[in-house]
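**Student:** The following block contains a protein sequence and its predicted model.
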Amino acid sequence: MKLRQTSRQKDSSSDWLEQGKEAAQAASDVYPRREMEQARLRVGDEGDYAKRLRWLLQLAQWPRPALMELAGRRSSPLSYDLHWLFGSYRPEDVVAAADALDRGIRSLLAADRWEIDIPAGTRCVLTIETSRPKDRRQVAGRLNSYFRAPDLSTTLLLLARDVLKVEWRRIQKCPAEGCPRLFIKNKRAQFCPDHRSQAERARRWRGKQTKKDLSDLRHRQYVRRLAKKRGVKEKSAAKMVSRRPRIGQEVKS
């Protein structure tokens, strides 16, 4: 669901909206059509919930200093994404909205509940698309809907609400020790991209081994490589290798 913000409101958000109008007018000459089309492909069209969920999770977990910098840099892909979704914005409002989104998703996963406060002046608009669709498989007269909200945080959270209604089961918290990251579960994935399943299993296995066990394992692997290189059996290769004693280990006479 594409979201737009209201025109002038009579509450405290009117200043934010007036500044947003000026920013949108100034940005109309800055954002080329090609970059905006790429932003649409990154964020996803209405109904492409999987792509929008991926974008929302990335925004919610973006490091805040980097998020502030990229949102304020007009040439960054993130600024194109935000401009395509919201029209006009301020970087500090983007950071506040990302904080609210991150808290809300984590509350939903931990407590099975997330309450979104809807400020006065928020409306849902329904429109009928009367233009002839480019794709012949689509039917003319498609019904579109979007929210008009007085602030960016509410706009973003209402967008997340529509996406989570369909895709919330795919969100999972990484079970790796000390990792707070949320990720989209794909097929049999159990860990986030920073902690792949195989690497995490290997890390846990190494944590259970003693130094002697790891040393013996490395020695067996070396003997196996040597046997393959020399073209002999592993028993013969083992006799070619004399193991040096580890530190603190007594040498047998």
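**Tutor:** Nice, I can see it.
**Student:** who's in contact with residue 170?
**Tutor:** For residue 170, the contact set (Cβ atoms under 8 Å, 6 or more residues apart in numbering) comprises 50, 53, 184, 185, 186. Placement of C-beta: from N, CA and C, glycine included.
**Student:** For my notes, confirm residue 243 occurs in a strand.
**Tutor:** No. Residue 243 is assigned coil when assessed by DSSP: H, G, I helix; E, B strand; the rest coil, not a strand.
**Student:** Identify the residues contacting it.
**Tutor:** If you count contacts by Cβ under 8 Å, 6+ apart, then residue 243 has residue 219 around it.
**Student:** For it, grab phi and psi.
**Tutor:** Its backbone dihedrals place residue 243 at phi -80, psi 130, with angles given as degrees, to the nearest 10.
**Student:** Burial check on the nearest residue to residue 166 once chain neighbours are set aside, number of neighbours?
**Tutor:** Distances taken as Cβ to Cβ, 6 or more residues apart in numbering place residue 49 nearest to residue 166, at 4.5 Å, with adjacent residues excluded. With neighbours defined by other Cβ atoms under 10 Å, the count for residue 49 comes to 19.
**Student:** quick one: which of the contacts of residue 170 is nearest to residue 153?
**Tutor:** Using Cβ to Cβ, the shortest approach to residue 153 within the contacts of residue 170 belongs to residue 53, at 18.3 Å.
**Student:** Not including adjacent chain positions, what is the nearest residue to that closest one?
**Tutor:** Using Cβ to Cβ, 6+ apart and skipping residues adjacent in sequence, the residue nearest residue 53 is residue 167, 4.5 Å away.
**Student:** next one: residue 143
**Tutor:** Spatially, and ignoring its direct neighbours in sequence, residue 143 is nearest to residue 128 (5.8 Å; Cβ to Cβ, 6+ apart).
**Student:** Might one say that the one you found is in contact with residue 145?
**Tutor:** No. Taking contact to mean Cβ atoms under 8 Å, the distance of 10.4 Å between residue 128 and residue 145 leaves them out of contact.
**Student:** Closest to the centroid, which residue in this structure?
**Tutor:** Nearest to the mean C-alpha position of the chain, by Cα atoms, centre = their mean, lies residue 58 at 2.6 Å.
**Student:** Quickly find the element holding it.
**Tutor:** helix 49-60 (DSSP states H and E).
**Student:** Would you mind listing the buried residues in whichever helix or strand comes after that helix?
**Tutor:** Counting by DSSP H and E, the next helix or strand C-terminal to helix 49-60 is helix 64-72. Under the neighbour-count criterion of 16 or more other Cβ atoms under 10 Å, helix 64-72 has 67, 68, 70, 71 buried.
**Student:** got the buried residues for whichever helix or strand residue 42 is part of?
**Tutor:** Secondary-structure assignment from DSSP H and E places residue 42 in helix 33-43. Residues of helix 33-43 classed as buried under the neighbour-count rule (16+ other Cβ under 10 Å) are 35, 39, 40, 42, 43.
**Student:** Make CSV out of the residues you listed and add pLDDT and distance to residue 95.
**Tutor:** As requested, the buried residues of helix 33-43 are arranged in CSV below (pLDDT from 0 to 100; distance: Cβ to Cβ, whole Å):
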residue, pLDDT, distance to residue 95
35, 89, 22
39, 91, 19
40, 90, 23
42, 93, 20
43, 92, 18
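**Student:** Next, residue 184: phi, psi?
**Tutor:** Taking degrees, to the nearest 10, you get phi -90, psi 120 for the backbone angles of residue 184.
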